[in-house]
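Enquirer: just to be clear, the model below is a prediction. Sequence and coordinates:
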Amino acid sequence: MSLNLHKPIMVKEILSFIESKKDIEILDCTFGGGGHTQSFLDEGHLVTALDQDKNSANIAKELSKKNNNFSFSKINFKNLEIFKQKNICKKFNLILLDLGFSSNQLENDYIGLSFKINSKLNMNYLDGDLSAFEIINKYDVNELDRVFKEYGEINNSKKLSEFIIKVRSQKKIETNFDLIDVLRKSGVNFRSKKIHFATQAFQALRIEANKEIDNLNSFLDNVHLYLKNKGLLAIISFHSLEDRIVKNYFKSNSYKKNDYFFNNSNWGFEILTKRPITPSKDEINSNNRSRSAKLRVGEFVN
Ligand SMILES: C[S@@+](CC[C@H](N)C(=O)[O-])C[C@H]1O[C@@H](n2cnc3c(N)ncnc32)[C@H](O)[C@@H]1O
């Protein structure tokens, strides 16, 4: 049996958008532990799922043995062109993105996303080649500064980058605990008060290692080709950088009721969530990881 500790987020809220629909075709681009997929299969829908994580691929393999309405591909969700044949795209009634990493990945000490586990520096949860070790020990000062400034929104990113370069010239920074020690000694004032002080730096390294922002942007550039008319695009994000991108995407491709598409194309989205939906208090109490989740949904019109 594959390890599965992940609790799916805002399942009821997502299902509420399709409650009147029967046997629809759904693309779950972030299968994870399969929680959302399972809720769709339980309603009788057909699910195609993607994930680039090895453990997710194993969980999916077991599920596909038991369910004919389910298929899975271990690919990056930026590569939606696998659904294109001779320029004809397969189209879906609902496409779901539940961004970031799963609880299974958080607990995996080979991936090393946690502050609490002293792992070898990695943070690549997409089975890819770029690790936090390479970023921390090989990037030059300008590249480090970009990562910490853009993805961690760390005010004193230059000071931190210069300190890292100085420390690593004596000895490589090998583990998560080594990195936490360097962050603590850097003299940088991290703004995280309620959360672990290393959160911003870890977030920055994770985003860079997994190319999270590039993946999301490439996905958004093409996703409209894979939605049926009146199909839904639902995206759950976990940090402000992602949420800003999703919000602006819907806004700049919005459809106004008088047949006007904001993007000057013949397609757009009716925004179904003026403000993002967030988990209920009960859900946050039973699953603390859901606390920063934001769900935005748009209906495709063309
Ligand atoms: C928050 S979890 C999804 C959990 C899932 N919805 C569930 O109910 O179990 C995010 C998943 O997306 C996957 N993922 C993130 N970015 C990806 C990408 N660019 N391509 C493919 N999978 C990705 C991660 O490997 C992880 O398993």
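Expert: Perfect, I can see it now.
Enquirer: which residues of the protein lie near the ligand?
Expert: 6, 8, 30, 32-36, 50-53, 56, 76-78, 98, 100-102, 125-126, 215 (CB under 6 Å from any ligand atom). (Glycine included, C-beta is placed from N, CA and C.)
Enquirer: among those, which ones are in helices?
Expert: The helices, defined by DSSP state H, take in Gly35, His36, Ser56, Asn215 from those.
Enquirer: this protein: helices as residue ranges?
Expert: Counting by DSSP H, the segments of the chain that form helices are 11-16, 35-42, 54-66, 103-106, 132-138, 141-146, 152, 157-170, 176-185, 199-210, 212-222, 240-252, 281-286.
Enquirer: list the contacts of the closest residue to Glu270 other than its chain neighbours.
Expert: Leaving aside its sequence neighbours, Glu270 sits nearest to Glu299 (CB to CB, 6 or more residues apart in numbering; 4.5 Å). Contact partners of Glu299, counting by CB atoms under 8 Å, 6 or more residues apart in numbering, are Lys230, Gly231, Leu232, Phe269, Glu270, Leu272.
Enquirer: how many other residues sit next to Tyr151?
Expert: Burial measure for Tyr151: 21 neighbouring residues, criterion other CB atoms under 10 Å.
Enquirer: and Asn108, by the same measure?
Expert: For Asn108, the count of nearby residues is 22 (other CB under 10 Å).
Enquirer: look at it and report its pLDDT.
Expert: Looking at Asn108, its pLDDT is 94.
Enquirer: isn't it right up against Ser56?
Expert: No: judged on CB atoms under 8 Å, Asn108 makes no contact with Ser56 at a distance of 11.4 Å.
Enquirer: just put the helices of the chain in CSV and tack on distance to Lys116 and mean neighbour count.
Expert: Listed next are the helices of the chain as CSV, based on distance: least, CB to CB, whole Å; neighbours: other CB atoms under 10 Å:
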stretch, distance to Lys116, mean neighbour count
helix 11-16, 27, 16
helix 35-42, 23, 20
helix 54-66, 19, 17
helix 103-106, 10, 20
helix 132-138, 16, 19
helix 141-146, 24, 15
helix 152, 19, 25
helix 157-170, 22, 17
helix 176-185, 9, 17
helix 199-210, 11, 23
helix 212-222, 22, 17
helix 240-252, 24, 17
helix 281-286, 20, 12
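Enquirer: in this structure, where is pLDDT below threshold?
Expert: Within the chain, the stretches with pLDDT under 70 are 1-2, 191-193, 257-258.
Enquirer: compute the first-to-last residue distance for stretch 13-20.
Expert: Length of stretch 13-20, first residue to last, CA to CA, to the nearest Å: 14 Å.
Enquirer: cool, and stretch 162-176?
Expert: Rule used - CA to CA; the end-to-end distance of stretch 162-176 is 19 Å.
Enquirer: if I look at Leu130, how far off is the ligand?
Expert: Going from Leu130 to the ligand by CB to the nearest ligand atom, to the nearest Å gives 13 Å.
Enquirer: tally up the residues packed near the residue of the chain found nearest the ligand, please.
Expert: Residue nearest to the ligand within the chain: Gly32 (2.5 Å; CB to the nearest ligand atom). Neighbour count of Gly32, defined by other CB under 10 Å: 25.
Enquirer: sorry, back to before: from the residues of the chain next to the ligand, which land in strands?
Expert: Counting by DSSP state E, those place Leu50, Asp98 in strands.
Enquirer: Phe238 against Gly100, yeah?
Expert: Yes: using CB under 8 Å, Phe238 is in contact with Gly100, at 4.8 Å.
Enquirer: ok, now which ones touch the residue nearest the centre of the chain?
Expert: Centroid check for the chain by CA atoms, centre = their mean gives Leu99 as the closest residue, at 2.0 Å. By CB under 8 Å, 6+ apart, the contact set of Leu99 is Thr30, Glu212, Leu216, Ile235, Ile236, Ser237, Phe238, Glu242.
Enquirer: give the residue farthest from the middle of this protein.
Expert: Distance from the C-alpha centroid of the chain peaks at Gln170, with 35.4 Å (CA atoms, centre = their mean).
Enquirer: any idea how far that residue is from Arg291?
Expert: Remark: distance between Gln170 and Arg291 (CB to CB, to the nearest Å) = 39 Å.
Enquirer: check Phe238 too.
Expert: Distance from Phe238 to Arg291, by CB to CB: 9 Å.
Enquirer: please apply the same query to Gly268.
Expert: For Gly268, the distance to Arg291 equals 32 Å [CB to CB].
Enquirer: more crowded one of these two?
Expert: Here Gly268 and Arg291 are compared on neighbour count by other CB under 10 Å; more neighbours surround Gly268, at 24 against 13.
Enquirer: perfect, that will be all.
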